[in-house]
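Trainee: Here is a sequence together with a model predicted from it:
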Amino acid sequence: MFILKGLVAGLGLGLGLAQTAFAESCCTDKCGKPVGLAKYGRLDCSSILIKYTTPTKTTTIYRTTTHTVGSTVVKKVTDTKDVTITTTLSVTELSVSTALSTIFETDVETSITTDIETAYSTTTIPFVVTVTAPPAKRNNVYTPPRPAYANYCNSDQYTRACSCLGVKPRTITKPAVVKTVYQTRTAFKTTVKTVTSHAATKTLTDTVSQTVYTTVVSGTTVVTTDIVTVTTSIEVTATTVIVATQTAGPEPPYCTGTGFYIATSSSSPNQSGANGFLGFINSIGQGIYLRVFSGGGSPLTIDGNGNIVSYYSPTDIKMVVFTSDGPAYKLWFSSDAANVHYNVPNTPASCQLGAAPDFTITCKGPNASASYGLAICQDPVYYEWDAWIYPLDNLASLTGQNCVTDASKIMAVCR
């Protein structure tokens, strides 16, 4: 026998928890009593006690330096020899031979030092709010709006009353982007060094006897010039400096109220039950799924990638589909906290929310290359309206079911 499905909206937050917290003495005054007895008192507390913060702009500077040293040596050698032989008339002749050797060495040393200094900074820039701005501050103290049943409360009393229900103030930090700017500075240093050396002059004296002639050899010059170039390889670093401005991508939509709700509507008489808001259902023995409620639904939020997740437990409630039922799939949810898992073949799925003001809904299913639409279909046995996804190019996959597929009839609203 099938057990009638029990409603668990937002991970089964029930009235029993609120009544237990209400029993505390701090909730019995004029402020705490109506808050504790209100049907949506705990949900209102969760929605109101939120403070939005923007990341502080921070700048981190990184600096790297490249030091390149190169040298060029030019060596010039000049060798000049002037030989003079002088003979005089004498019985014993004295011959003087002078060998003049002068060597000029010129070393030209060029040192090139290149310093390349690259500095870049990372700046965290907060997103600009383009949807509904957070409530204004008064006297630098945030005063949250309160529902009508809490008109006997001031801000502190209302916060204490919510604390009795187990709800504490929380802070949501908006996402930010990172912009990196590069700057390069190059410095050159050149040093020229010249060295000149001279070789010593050497004189040779020879004795020549019984010579009666004079021989003069003069002006004989032997010049040898060698230019030796020694080049040390210089690493040339070519740096292209690009200063890029990164524009922040579209920010995920967010809601400053209770959260996003998926609303459905239909003008068709045979789809009159498909009017309301989607909420979580924990069906005993089957699992967790989304169903249409005429009075209210479960609040949802958007993660950093634009995926629709649970307002109460965004990391625990995971959307899956039973792949054996495709290509149109009913949306189910697994939960570690609620110990809800499935033994049938399943694969992760996700639905995304577009930007304001339309908040269009698109989904991703088992086939990552296909686009999926969101449909609300009637259960043929229990006549309830559940959430499904189907390939946009295969509307025929819903043939035989009573479904609402018009995107203008299924939309997300911020409440």
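Mentor: Perfect, thanks for sending it. Numbers count the residues shown, from 1 in each chain.
Trainee: Let me see the ranges of the strands in the stretch 201-350 of the chain.
Mentor: For the stretch 201-350 of the chain, the strands defined by DSSP state E, counting those that start in this stretch cover 202-211, 221-231, 260-264, 276-283, 287-293, 300-302, 308-310, 317-322, 329-330, 332-335, 346-348, 350-353.
Trainee: Could you identify the longest helix within the protein?
Mentor: helix 155-164 (DSSP state H).
Trainee: Quick check: what element follows that helix along the chain?
Mentor: strand 170-173 (DSSP states H and E).
Trainee: what is the rounded mean pLDDT of that next one?
Mentor: Averaging pLDDT along strand 170-173 gives 82.
Trainee: Need the residues that contact it.
Mentor: Applying CB atoms under 8 Å, 6 or more residues apart in numbering, the contact partners of strand 170-173 are Leu49, Ile50, Lys51, Tyr52, Thr53, Thr54, Pro55. For glycine as for every other residue, the C-beta is placed from the backbone atoms N, C-alpha and C.
Trainee: Tell me the secondary structure at Ser397.
Mentor: Secondary structure state of Ser397, per DSSP: H, G, I helix; E, B strand; the rest coil, is helix.
Trainee: what's the distance between the nearest residue to it once chain neighbours are set aside and Tyr372?
Mentor: In space, not counting the residues next to it along the chain, Ser397 is nearest to Ala328; the distance is 4.0 Å by CB to CB, 6 or more residues apart in numbering. From Ala328 over to Tyr372 the distance is 9 Å, taken as CB to CB, to the nearest Å.
Trainee: of the two, who's got more company?
Mentor: Tyr372 (26 against 23; other CB atoms under 10 Å).
Trainee: Is the more buried one in contact with Ile361, as I believe?
Mentor: No - with contact defined as CB atoms under 8 Å, Tyr372 does not reach Ile361; the gap is 10.0 Å.
Trainee: Okay, now the unreliable bits of this protein?
Mentor: For the chain, the stretches with pLDDT under 70 are 1-26, 67-110, 119-121, 123-144, 177-178, 180-183, 185-251.
Trainee: which residues in it form helices?
Mentor: 15-22, 32-37, 41-48, 155-164.
Trainee: winner for burial among those helices?
Mentor: Across those, averaging neighbours per residue (mean count of other CB atoms under 10 Å) puts helix 41-48 on top, at a mean of 23.
Trainee: Which other helices and strands does it contact?
Mentor: helix 15-22, helix 32-37, helix 155-164 (3 or more CB pairs under 8 Å, 6 or more residues apart in numbering; DSSP states H and E).
Trainee: ok, back up a step: so what's the backbone phi/psi at the residue nearest to Ser397?
Mentor: phi -90, psi 140 (degrees, to the nearest 10).
Trainee: dump the residue contacts of it.
Mentor: Ala375, Trp388, Ile389, Tyr390, Pro391, Asn394, Ser397, Leu398, Gln401.
Trainee: In strands, which of those residues fall?
Mentor: Ala375, Trp388, Ile389, Tyr390, Pro391 (DSSP state E).
Trainee: Burial check on the second one, number of neighbours?
Mentor: Same thing as Trp388. Trp388: 26 neighbours (other CB under 10 Å).
Trainee: before we move on, what about the last one?
Mentor: Each residue near Pro391 was counted by other CB under 10 Å, and the total is 21.
Trainee: ok, the nearest residue to it once chain neighbours are set aside to Tyr311 distance?
Mentor: Distances taken as CB to CB, 6+ apart place Ala370 nearest to Pro391, at 5.0 Å, with adjacent residues excluded. Ala370 sits 28 Å away from Tyr311, going by CB to CB.
Trainee: Looking at these two, which is more packed in?
Mentor: Higher neighbour count among Ala370 and Tyr311: Tyr311, with 20 against 15, using other CB under 10 Å.
Trainee: distance of the more buried one from Thr28?
Mentor: In terms of CB to CB, Tyr311 sits 29 Å off from Thr28.
Trainee: Also Asp44?
Mentor: Asp44 is 19 Å from Thr28, by CB to CB.
Trainee: Correct me if wrong: Gly41 contacts Leu165.
Mentor: Yes - if you go by CB under 8 Å, Gly41 and Leu165 touch, sitting 6.4 Å apart.
Trainee: Alpha carbons only: can I get the longest helix of the chain in CSV?
Mentor: The C-alpha trace of helix 155-164 is given here as CSV (Å, rounded to 0.1, in the frame of the first residue of the first chain):
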residue,chain,number,x,y,z
SER,A,155,15.2,45.4,16.2
ASP,A,156,16.9,44.0,19.3
GLN,A,157,13.7,42.3,20.6
TYR,A,158,12.9,40.8,17.2
THR,A,159,16.5,39.5,16.9
ARG,A,160,16.2,37.9,20.3
ALA,A,161,12.8,36.4,19.5
CYS,A,162,14.3,34.9,16.3
SER,A,163,17.2,33.5,18.3
CYS,A,164,14.7,31.6,20.5
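Trainee: I'd guessed the residue nearest to Pro391 sits against Ser397; true?
Mentor: No - using CB under 8 Å, Ala370 is not in contact with Ser397; the gap is 11.0 Å.
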